[in-house]
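>>> Pasted the sequence and its predicted model underneath.
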Amino acid sequence: MTKIIELETERLTLRQWKESDYPAFSELNADSEVMAYFPKTMSRAESDEMADKIKSLISERGWGLWAVEEKKSTRFIGFVGLHKPILELPFSPCVEIGWRLAKEYWGKGYATEASKEVLTFAFGSLNLARVYSFTSVGNLRSRAVMERLNMINTNKNFEHPEVPVANPLREHVLYELTKERWHATLI
């Protein structure tokens, strides 16, 4: 059996998913503001299917898109973690860092705080050479998190294959952080 990795920050626990996370996850996936840079919101069934898949991948690898729990309230607030896209992307194969938090937790530095811990795991424990992150061009909030993480815009925008052609969200920016750059920021 694979050991499930859990990560902690001052204010957050990144852990395996629980069935009790599913209703709150469904709520945030149905929120048009949270999902503004995705082609559509998700139904409860779609959200549960996604959570099942994420949970399964963590069970297989020991890591992934962890459920994020706020320590103070013990509430599930979204996910932050690493993912190996199975889609054929211009920079495949790769590992990406990603996040999705309920909007009441935006603006508190949680995405950055959790992502810094995830990057420490990615470069320290997994010994990855680089980590990518990508989002729709107009998603300035996520791009700001990427920049706070010292990720570099590669200027290699691409058309996301899961976003319909002619959809204004199809063009994505690609950010990258190498192990060397990450290490240099620690010194």
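Ah, there it is. On a predicted model such as this, the values are computed, not experimentally measured, just so you know. Residues are numbered from 1 along each chain as shown.

>>> where does this structure dip in pLDDT?
The model of the chain has pLDDT under 70 over residues 187.

>>> Can you show me the strands along it?
7-8, 12-15, 65-70, 75-83, 96-101, 130-136, 152-153, 158-159, 171-178 (DSSP state E).

>>> okay, the ones you listed, which one's buried deepest?
strand 65-70 (a mean of 24; mean count of other C-beta atoms under 10 Å). C-beta: built from backbone N, CA, C; applies to glycine.

>>> Can you show me the CA trace of it as PDB?
Provided in PDB are the C-alpha atoms of strand 65-70 (Å, rounded to 0.1, in the frame of the first residue of the first chain):
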ATOM      1  CA  LEU A  65      -4.300  17.500  -5.600                       C
ATOM      2  CA  TRP A  66      -4.700  17.400  -1.900                       C
ATOM      3  CA  ALA A  67      -7.800  18.500  -0.100                       C
ATOM      4  CA  VAL A  68      -7.000  21.700   1.900                       C
ATOM      5  CA  GLU A  69      -8.400  22.100   5.400                       C
ATOM      6  CA  GLU A  70      -8.200  25.300   7.300                       C
END
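
>>> Could you point out which of the strands of the chain sits nearest residue 24?
strand 75-83 (4.8 Å; C-beta to C-beta).

>>> Now do the closest one against strand 96-101: the angle between them, please.
Angle of strand 75-83 versus strand 96-101, following axes from the mean of the first three to the mean of the last three C-alpha atoms, to 10 degrees, is 170 degrees.

>>> Determine the set of other helices and strands touching strand 75-83.
Under the contact definition 3 or more C-beta pairs under 8 Å, 6 or more residues apart in numbering; DSSP states H and E, strand 75-83 sits against strand 12-15, helix 22-29, strand 65-70, strand 96-101, helix 110-120.

>>> If we use 7 Å, what do you get?
Counting contacts by 3 or more C-beta pairs under 7 Å, 6 or more residues apart in numbering; DSSP states H and E, strand 75-83 is packed against strand 65-70, strand 96-101, helix 110-120.

>>> Kindly state which of the ones you listed is positioned closest to residue 78.
Short answer: strand 96-101, nearest of the helices and strands packed on strand 75-83 by C-beta to C-beta, at 3.6 Å.

>>> quick one on the thing from earlier: what about the helices and strands packed on strand 75-83, which gets the closest to residue 31?
strand 96-101 (10.1 Å).

>>> Just the buried positions in the helix ranked longest in the chain, please.
Across the chain, the longest stretch assigned as helix under DSSP state H is helix 44-61. Under the neighbour-count criterion of 16 or more other C-beta atoms under 10 Å, helix 44-61 has 47, 48, 50, 51, 54, 55, 57, 58 buried.
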